[in-house]
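Trainee: sequence plus the predicted model coming up.
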Amino acid sequence: MTKKLSAMDRAEPFKIKVVEFIKKTTRDYREKKIKEVGYNVFFLTSDDIFIDLLTDSGVGAMSDNQWAGIMVGDETYAGSRNFYHLKEAVRDIMGFPYTVPTHQGRGAENVLDRVLIREGDAVPGNKHFDTTKAHIEDKKGTAVDVTIDEVYEPETLHPFKGNLDLKKLEKVIQKYGKERIPYILITITCNSGGGQPVSMENIRQVHEMAREYGIPLFYDAARFAENAWFIKQREKGYEDRPIREIVGEMMSYADGLTMSAKKDAIVNIGGFIAMRDKELYQKCAAMGVLFEGFPTYGGLAGRDLEAIARGLYEGIRLDYLTSRISQTHYLGNGLKDIGIPIINPIGGHAVYVDGKKFLPHIPQTQFPSWTLSVELYLESGVRGVEIGTILEGRDPKTGKERLPRLDMMRLTIPRRVYTNNHMDVVVEAMEAIKARKDDIVGLRFDYEPPVLRHFLCTLERVNE
Ligand code: F0G
């Protein structure tokens, strides 16, 4: 599905100037540590982790150029020159004249939703990210998932599994009425669907439907550059178009976006809202003052704004994107080759292991993918994360476990941080786990917090 790439294509377009040592530990040590933290990998300290694949957010390696930008941070309360650099980068790359900086992606979601959402509104989209959904619900709106059905079929090879189903979308619009839909949201790439891209054709069709009904279209653009790379690789007519042009076309269909710069702008902290409409900008800027800070810093230092401005340009480089995504595919293909069930096709920023299928003897109520993340840590000091039953939580009304259709362990790859040798460690560890998988026992709660239980719960083995 993805075109074959040469070694030159896959090679990192950078060399390494600074390194940070990481610790290899023994199995006995890890056994002790994971027990101490109640089998919850969120409680591990990073010193006890060899390879951290918990997230790709805020954990990328900045370039020498970004670090140089940190040194020219203008720490002025109002009017920092770095803000104007960011605003210009957003205008130049994405085409939006107005930018409101925020401390990270969820800050942008909060400000935009406070301005746009009223009680009873609906925001249709393709599998909204957790914080995105939570912010919509916080404003008493509903996030309605209209992703194509293929996203729920791990084996189905579809080049753009993040696509929105236009029939589902139209039904939602008719059900709620356009006055109750403040905006349609396309998440590019679709993280909760497995890092799956959305095609330009689909974006265009959603744009047309949105225009027909007079509903604004927004993007959750955290991984917009990776989405553009997939369009170039997989969509007819885009093979020879530069990433910048593809990004420009994608953005031309939207009224605005929220951005977690911690992903495709390769910074450790930061985000923004960008938009075309002056009035919306004025409302967001005013709301932003309350929650994020004055609109020329938005909860960030001037140096952070500069790093984002520079990172946006690096994030859309074709050579970088090719090496970055081919590393994700290197890991995914390595796992496939040894018979580990993963979500297909492999996405941009992460490989998702189908834990339910890999450990079929562990009932979903004993959390197979969470158990697998514990085993992976025990085996090798690698930290992955469950995107499954524990994350999903109980039905707030009935108190029953919700048992999502997909119960997965996500192996998320930070940008410019690890080498393919590190990916081999993961594959080797999964092979060792596979050899002893029938002896693995599931987990039950020792402490289950009422909300966001994955962050704070502790567990024990069911046979303890
Ligand atoms: N939207 C998407 C698609 C995301 O993946 C994230 C964060 C956010 C919004 C929120 O941005 O963290 O800057 O506030 N995803 C991280 C992850 C946390 O691990 O997938 P944020």
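Mentor: Yep, it's here.
Trainee: convert the C-alpha atoms of the helix ranked longest in the chain to PDB, please.
Mentor: Secondary structure of the chain read by DSSP state H shows that its longest helix is helix 318-337. What follows is helix 318-337 as a C-alpha-only set of coordinates in PDB (Å, rounded to 0.1, in the frame of the first residue of the first chain):
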ATOM      1  CA  LEU A 318       9.700  15.200   3.000                       C
ATOM      2  CA  ASP A 319      13.100  13.600   3.900                       C
ATOM      3  CA  TYR A 320      12.300  13.800   7.600                       C
ATOM      4  CA  LEU A 321       8.700  12.600   7.300                       C
ATOM      5  CA  THR A 322       9.800   9.600   5.100                       C
ATOM      6  CA  SER A 323      12.400   8.500   7.600                       C
ATOM      7  CA  ARG A 324      10.100   9.100  10.600                       C
ATOM      8  CA  ILE A 325       7.200   7.100   9.200                       C
ATOM      9  CA  SER A 326       9.400   4.400   7.800                       C
ATOM     10  CA  GLN A 327      10.700   3.800  11.300                       C
ATOM     11  CA  THR A 328       7.100   3.200  12.500                       C
ATOM     12  CA  HIS A 329       6.700   0.800   9.600                       C
ATOM     13  CA  TYR A 330      10.000  -0.900  10.400                       C
ATOM     14  CA  LEU A 331       8.700  -1.700  13.900                       C
ATOM     15  CA  GLY A 332       5.300  -2.700  12.600                       C
ATOM     16  CA  ASN A 333       6.600  -5.000   9.900                       C
ATOM     17  CA  GLY A 334       9.100  -6.500  12.400                       C
ATOM     18  CA  LEU A 335       6.200  -7.500  14.600                       C
ATOM     19  CA  LYS A 336       4.100  -8.800  11.700                       C
ATOM     20  CA  ASP A 337       7.100 -10.900  10.600                       C
END
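Trainee: from residue 271, how far out is the residue of the stretch 1-150 of the chain found nearest the ligand?
Mentor: Across the stretch 1-150 of the chain, the shortest distance to the ligand (C-beta to the nearest ligand atom) belongs to residue 105, at 2.5 Å. Quick note: C-beta positions are derived from backbone N, CA and C, even for glycine. Distance of residue 105 to residue 271, computed by C-beta to C-beta, to the nearest Å: 5 Å.
Trainee: now the helices: where do they sit in the stretch 101-250 of the chain?
Mentor: 105-116, 130-138, 166-176, 200-213, 224-234, 243-252 (DSSP state H, counting those that start in this stretch).
Trainee: show me the contacts for the residue of the stretch 1-150 of the chain closest to the ligand.
Mentor: 131, 220, 222, 258-262, 271 (C-beta atoms under 8 Å, 6 or more residues apart in numbering).
Trainee: just the ones in strands from those, please.
Mentor: The strands, defined by DSSP state E, take in 220, 258-260, 271 from the contacts of residue 105.
Trainee: save those residues as JSON lines, and put in distance to the ligand too.
Mentor: As requested, the ones in strands among the contacts of residue 105 are exported to JSON lines (distance: C-beta to the nearest ligand atom, whole Å):
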{"residue": "220", "distance to the ligand": "5"}
{"residue": "258", "distance to the ligand": "7"}
{"residue": "259", "distance to the ligand": "8"}
{"residue": "260", "distance to the ligand": "3"}
{"residue": "271", "distance to the ligand": "5"}
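Trainee: spell out which parts of the stretch 1-150 of the chain neighbour the ligand.
Mentor: Applying C-beta under 6 Å from any ligand atom, we find that the stretch 1-150 of the chain lies next to the ligand at 55, 57, 104-106, 129, 131-132.
Trainee: contact residues of the stretch 201-350 of the chain facing the ligand?
Mentor: So far as C-beta under 6 Å from any ligand atom goes, the stretch 201-350 of the chain lies against the ligand at 220, 222, 260, 262, 271.
Trainee: and the residues you listed, which two are the farthest apart?
Mentor: 220 and 262 (12.9 Å; C-beta to C-beta).
Trainee: on that earlier part again, which one of the helices of the stretch 101-250 of the chain is the most hemmed in?
Mentor: Using mean count of other C-beta atoms under 10 Å, the stretch among the helices of the stretch 101-250 of the chain with the largest mean neighbour count is helix 224-234, at a mean of 26.
Trainee: and the pLDDT at the residue of the stretch 1-150 of the chain closest to the ligand?
Mentor: On the pLDDT scale, residue 105 is placed at 98.
Trainee: distance of it relative to residue 209?
Mentor: Distance from residue 105 to residue 209, by C-beta to C-beta: 25 Å.
Trainee: now swap in residue 244 and tell me
Mentor: For residue 244 relative to residue 209 (C-beta to C-beta), the value is 27 Å.
Trainee: again with residue 448
Mentor: From residue 448 across to residue 209, the span is 42 Å (C-beta to C-beta).
Trainee: could you list the domains of this protein?
Mentor: 7-56+318-461, 64-315 (automatic domain parsing).
Trainee: among those domains, show me which one is buried the most.
Mentor: The stretch of the domains of the chain with the highest mean neighbour count (mean count of other C-beta under 10 Å) is domain 64-315, at a mean of 21.
Trainee: surely residue 292 and residue 284 touch.
Mentor: No - using C-beta atoms under 8 Å, residue 292 is not in contact with residue 284; the gap is 9.7 Å.
Trainee: ok, for the residue nearest to the spatial centre of the chain, nearest residue in space, not its chain neighbours?
Mentor: Centroid-nearest residue in the chain, with C-alpha atoms, centre = their mean: residue 191, separated by 4.4 Å. Closest residue to residue 191 apart from its sequence neighbours, by C-beta to C-beta, 6 or more residues apart in numbering: residue 129 at 5.4 Å.
Trainee: dihedrals phi and psi, that neighbour?
Mentor: Per-residue torsions, residue 129: phi -60, psi 160 (degrees, to the nearest 10).
Trainee: pLDDT value on it, please?
Mentor: So, for residue 129, pLDDT stands at 93.
Trainee: likewise for residue 2?
Mentor: Looking at residue 2, the pLDDT reads 68.
Trainee: now residue 36
Mentor: For residue 36, pLDDT reads 96.
Trainee: wait, what's in contact with it?
Mentor: Residues counted as contacts of residue 36 (C-beta under 8 Å, 6+ apart): none.
Trainee: what distance do you get for it to residue 47?
Mentor: 13 Å.
Trainee: same check on residue 330?
Mentor: 27 Å.
Trainee: now do residue 193
Mentor: From residue 193 across to residue 47, the span is 33 Å (C-beta to C-beta).
Trainee: so the residue nearest to residue 339 when sequence neighbours are not counted: helix, strand or coil?
Mentor: Once flanking residues are discounted, residue 339 sits nearest to residue 434: 7.0 Å by C-beta to C-beta, 6+ apart. Assigned with DSSP: H, G, I helix; E, B strand; the rest coil, residue 434 falls in the helix class.
Trainee: just to revisit the earlier point, what do residue 292 and residue 284 both touch?
Mentor: With C-beta under 8 Å, 6+ apart as the test, residue 292 and residue 284 both reach 100, 111.
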